[in-house]
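1. this one's sequence-less:
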Ligand SMILES: *Cc1c(COP(=O)(O)O)cnc(C)c1O
């Protein structure tokens, strides 16, 4: 059996090595390292793939979120509602811009932001909602967009974990994750579903004027060379990273399909193991259908009894099975984001699941033998100690 890895970047690279080498050589020969032709062609290809009017590449996913909020002209003191259960980058940029982060609870099935909790948190100062499409599936965008419209709020989608996922509205209309709000943000960090070989990110939007503003902000607020109309940043996707993304974007659907098949295998292997709650699908998908792309499994995350979780992690480790706890501490309890406005009673779900979640190895190179071993290792522990 191949050594089990949480994310196997090496195996996937070996598969596309020749194409990467060729594309790197082209960039090196052109020596157009910033905003070269590879960056342009990647933007256009991603616009087409997502069916979105504008893609603005940038240096990483955290910058994308920051630039989105700068582009929407949010001002210090404006309140921005986001999920308590996410990677810190989401809330970090809100605080960095001196906006006021307002963390709210998530749903117990999808772990994505709870629309009712959003509604309860709205005040006259609220300006934006940042739903996070956590672990590979979309937040309840239909409800979130309705709330945003009703209260005249911006929606900035944190799509770092769900690129390629499709959301289906109740009238049957479909949209790619990240293209439904005013701005979508993504990350091309190597371990994401569409990862480059360093840092990278992008913003998506439909609005021409907003796209123009964002393009200026990523480049020092310049719209005409050496004319700085707004305060900007330096946040660019470099041409070598764009070359990697150009090789991988045409493969994204098949990569996501491999992740889904791996998730399906886990579900089969783990159903019936005592104490294990399998990942739940939002929308109409009760089970993981291989055809459906409503979930692209950035993570395959189980709930296990809180008193056994850390022991399980250690047990798996001892058997050569890596696992991850995303995320062990709710953001409202992190020192940097403590606030008097929060009541513990309002975070019932995040408080509970942060003690129960365990993510198993998930990537495009997992094979059945490895997954069988992982499932057996997990069952052995839970059947004995659980
Ligand atoms: C990875 C991630 C980010 C940040 O992306 P970087 O490219 O690492 O800056 C933001 N939000 C979420 C939910 C993420 O998973």
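-> Looks like it arrived, so ask away. Only a predicted model underlies this, so the values are computations on that prediction, with no experimental measurement involved.

2. so how far is stretch 67-86 from its chain's centroid?
-> Offset of stretch 67-86 from its chain centre (Cα atoms, centre = their mean, to the nearest Å): 17 Å.

3. then stretch 79-93?
-> The answer for stretch 79-93 is 12 Å, by Cα atoms, centre = their mean.

4. averaged pLDDT, it. What do you get?
-> When pLDDT is averaged along stretch 79-93, the result is 97.

5. neighbours around residue 335, how many?
-> 6 (other Cβ atoms under 10 Å). All C-beta spots, glycine's among them, are computed from the backbone N, C-alpha and C.

6. switch to numbering from 43
-> Noted, 43 is the first residue going forward, which turns the last one into residue 377.

7. ok, it to the ligand distance?
-> 20 Å (Cβ to the nearest ligand atom, to the nearest Å).

8. per-residue pLDDT, the closest residue to the ligand within the stretch 243-392 of the chain?
-> Distances between the stretch 243-392 of the chain and the ligand by Cβ to the nearest ligand atom are smallest at residue 243, namely 5.1 Å. Looking at residue 243, its pLDDT reads 98.

9. which ones are touching it?
-> By Cβ atoms under 8 Å, 6 or more residues apart in numbering, the contact list for residue 243 reads 99-106, 202, 227-230, 277, 279.

10. kindly recompute the last result at 7 Å.
-> 100, 101, 102, 103, 105, 106, 228, 229, 230 (Cβ atoms under 7 Å, 6 or more residues apart in numbering).

11. and for the third one, the neighbour number?
-> For residue 102, the tally of surrounding residues (other Cβ under 10 Å) stands at 21.

12. so it makes contact with residue 241?
-> Yes: using Cβ atoms under 7 Å, residue 102 makes contact with residue 241 at a distance of 4.3 Å.

13. now do the shared contacts for those two.
-> residue 231.

14. so how many other residues sit close to whatever residue of the stretch 93-242 of the chain ends up closest to the ligand?
-> Of the stretch 93-242 of the chain, the residue with the smallest distance to the ligand, taken as Cβ to the nearest ligand atom, is residue 103 at 2.5 Å. Residue 103 is flanked by 27 other residues according to other Cβ under 10 Å.

15. any low-confidence regions in the stretch 293-428 of the chain?
-> The stretch 293-428 of the chain contains residues with pLDDT under 70 at 325-333, 427-428.

16. which bits of the stretch 193-342 of the chain sit near the ligand?
-> Contact residues (Cβ under 6 Å from any ligand atom) of the stretch 193-342 of the chain with the ligand: 200, 202, 203, 229, 231, 241, 243.

17. gap between the residue of the stretch 243-392 of the chain closest to the ligand and residue 99?
-> Per Cβ to Cβ, to the nearest Å, residue 243 is found 7 Å from residue 99.

18. can you list the domain ranges for this protein.
-> 51-292, 293-427 (automatic domain parsing).

19. single out the most deeply packed of these.
-> The highest mean neighbour count among these, using mean count of other Cβ atoms under 10 Å, belongs to domain 51-292: a mean of 20.

20. mind putting the residues of the stretch 193-342 of the chain next to the ligand in TSV, distance to residue 61 and secondary structure included?
-> Shown next, in TSV, are those (distance: Cβ to Cβ, whole Å; DSSP: H, G, I helix; E, B strand; the rest coil):
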residue	distance to residue 61	secondary structure
200	30	strand
202	25	coil
203	26	coil
229	22	strand
231	21	coil
241	21	coil
243	23	strand
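
21. all helices for the chain, in order.
-> All helices of the chain, identified by DSSP state H, fall at 51-72, 79-92, 103-113, 131-138, 157-163, 183-193, 250-259, 281-290, 294-312, 348-360, 390-395, 410-427.

22. take these and write them to TSV, including distance to residue 211.
-> Compiled in TSV, these are given as follows (distance: least, Cβ to Cβ, whole Å):
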stretch	distance to residue 211
helix 51-72	33
helix 79-92	16
helix 103-113	22
helix 131-138	24
helix 157-163	14
helix 183-193	5
helix 250-259	22
helix 281-290	29
helix 294-312	20
helix 348-360	36
helix 390-395	24
helix 410-427	33
